[in-house]
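J.: When you get a sec, could you give me coordinates for this:
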Amino acid sequence: MSDRTEEAAMPTERRETVLALTASDKVFVWGVGGGAGVALGLLLPWLLEHVSKWPIPYIDVLKFIGSFDAPIMVVGRPVVLGAIGLVIAFFITHESAVLRITDAEIVVEEGEDRRVIPRELVAGVYRRGGKVRIDAAAGRVLYDGDVEGKRAAVSAAFIEHGYPWENVEPPGDSR
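T.: Next up, the predicted model:
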């Protein structure tokens with residue numbers, strides 16, 4: 001009888017597959033966001049010169065801001081817009097979905113929000129465009145959002161844990 005108690009007390013191994021942005025993906029997004037802001041800051045006077053003939057609301061205000069050629073503005077504009085681009089990129093990577101898939105449940109984390117989808121509720125999982133959709137038997141949508149990873153890796157993650165994957169992947173398709 002004591003053998004059973006020891007077995008019950010031993011923790012069971014929990015296999016988990018995580019679908020999330022990798023560290024290198026995050027750094028890439030941060031670099032693109034910051035770089036786009038810096039580029040916009042450097043190119044703003046030139047861009048405003050060319051679009052000033054278009055009927056854009058508040059174009060006079062934009063031309064006024066772009067006309068500053070003092071050294072502090074020449075340096076400050078790219079720095080400020082680069083920082084804004086970096087903040088936007090941080091927000092994008094922070095809010096991107098992380099799916100933790102186990103045999104018993106799927107945990108969806110988006111920013112500070114965390115939802116648990118029990119295995120018993122999942123009736124079907126499939127790709128819909130660039131998103132993954134998880135449906136319940138009654139037709140209720142349990143999750144419909146972006147998932148990081150190649151098409152084959154995402155389908156393999158769900159199939160490996162026994163979830164009903166409904167897409168048929170073409171041979172050699174790794175998008």
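J.: Would you point out the helix or strand in this structure whose mean pLDDT is lowest?
T.: The helix or strand with the lowest mean pLDDT-type score in the chain, counting by mean pLDDT, DSSP states H and E, is helix 2-9 (a mean of 40).
J.: In this structure, what residue spans correspond to helices?
T.: 2-9, 23-51, 59-66, 71-95, 151-160 (DSSP state H).
J.: What would stretch 98-118 look like as CSV? C-alpha coordinates only.
T.: Output in CSV follows, covering the C-alpha atoms of stretch 98-118 (Å, rounded to 0.1, in the frame of the first residue of the first chain):
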residue,chain,number,x,y,z
VAL,A,98,1.9,32.7,-26.5
LEU,A,99,0.2,29.2,-26.7
ARG,A,100,1.3,26.6,-24.2
ILE,A,101,-0.1,23.3,-25.5
THR,A,102,-0.2,20.2,-23.3
ASP,A,103,-2.3,17.0,-23.6
ALA,A,104,-4.7,18.3,-21.0
GLU,A,105,-5.1,22.0,-22.0
ILE,A,106,-4.1,24.9,-24.1
VAL,A,107,-3.0,28.1,-22.2
VAL,A,108,-3.3,31.3,-24.3
GLU,A,109,-1.3,34.2,-22.9
GLU,A,110,-1.7,37.6,-24.6
GLY,A,111,0.1,40.4,-22.7
GLU,A,112,-1.2,40.2,-19.1
ASP,A,113,-4.3,38.1,-20.0
ARG,A,114,-4.3,34.3,-19.6
ARG,A,115,-7.0,31.9,-20.7
VAL,A,116,-7.1,28.1,-20.2
ILE,A,117,-8.9,26.0,-22.8
PRO,A,118,-9.5,22.5,-21.4
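J.: how much space between residue 108 and residue 129?
T.: Residue 108 sits at a distance of 18 Å from residue 129 (criterion: CB to CB, to the nearest Å). The way it works is simple: take the backbone N, C-alpha and C, and place the C-beta from them, glycine included.
J.: returning to that earlier point: most tightly packed of the helices of the chain?
T.: helix 151-160 (a mean of 17; mean count of other CB atoms under 10 Å).
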